[in-house]
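In: Quick check, what structure comes out for this input:
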Amino acid sequence: MNVEVLYFDGCPNHHALVPRLRALLAQAGHGDVVSLRRVETAEDAEHARFLGSPTVRVDGRDVDPTAAERDDYGLKCRLYATDDGLRGMPPDAWILDALAAANEARD
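Out: Predicted coordinates for the structure are as follows:
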């Protein structure tokens, strides 16, 4: 399973996300391997379909269920619309759902 965090320098939220993401991976029985991918230019952001920092992808799919509908790529801090309002990181439930969906796809 490939778990990736896309980020850009200057947005602090990925620093807080990575330990939490590793804990969620361990909780779900996937170890704690997370790849970090820095997005450096607006062109890189467009090419990577980067919706902002941090972006979490599991096997290439964004954990945000609405991400496929968006095209506002760029170098910016990302805000996630959650049940608790806008947050700088995706909810744990989205990450766990993405991990479960990746497991089901492998079976």
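
In: so how far is residue 20 from residue 85?
Out: Remark: distance between residue 85 and residue 20 (CB to CB, to the nearest Å) = 18 Å. Where you see a C-beta, it was placed from the backbone N, CA and C, and this is true even at glycine.

In: More neighbours: which of those two?
Out: residue 20 (13 against 8; other CB atoms under 10 Å).

In: where's the more buried one, which helix or strand?
Out: Assigned by DSSP states H and E, residue 20 belongs to helix 13-27.

In: and that helix, how far from the chain's centre?
Out: Put simply, helix 13-27 sits 10 Å off its chain's centre (CA atoms, centre = their mean, to the nearest Å).

In: Equivalent analysis for stretch 25-45, please.
Out: Worked out by CA atoms, centre = their mean, stretch 25-45 lies 7 Å from the chain centre.

In: before we move on, what about stretch 75-92?
Out: The answer for stretch 75-92 is 10 Å, by CA atoms, centre = their mean.

In: Okay, now the unreliable bits of this protein?
Out: For the chain, the stretches with pLDDT under 70 are 107.

In: all strands of it, in order?
Out: Assigned by DSSP state E, the strands in the chain fall at 3-7, 35-38, 55-58, 61-62, 80-82, 85-87.

In: which outside residues touch the fourth one?
Out: The contact list for strand 61-62 (CB atoms under 8 Å, 6 or more residues apart in numbering) reads 51, 55-56, 68, 98, 101-102.

In: Centre-most residue in this structure?
Out: Central residue of the chain (CA atoms, centre = their mean): residue 56, 1.0 Å from the mean position.

In: Pairing partners for it in the sheet, please.
Out: The partner list for residue 56 in beta bridges (DSSP bridges) reads residue 5.

In: So residue 4 sits against residue 38, correct?
Out: No: the criterion here is CB atoms under 8 Å, and residue 4 misses it with residue 38 at 11.3 Å.

In: could you check the angle strand 3-7 makes with the helix holding residue 20?
Out: 170 degrees (axes from the mean of the first three to the mean of the last three CA atoms, to 10 degrees).
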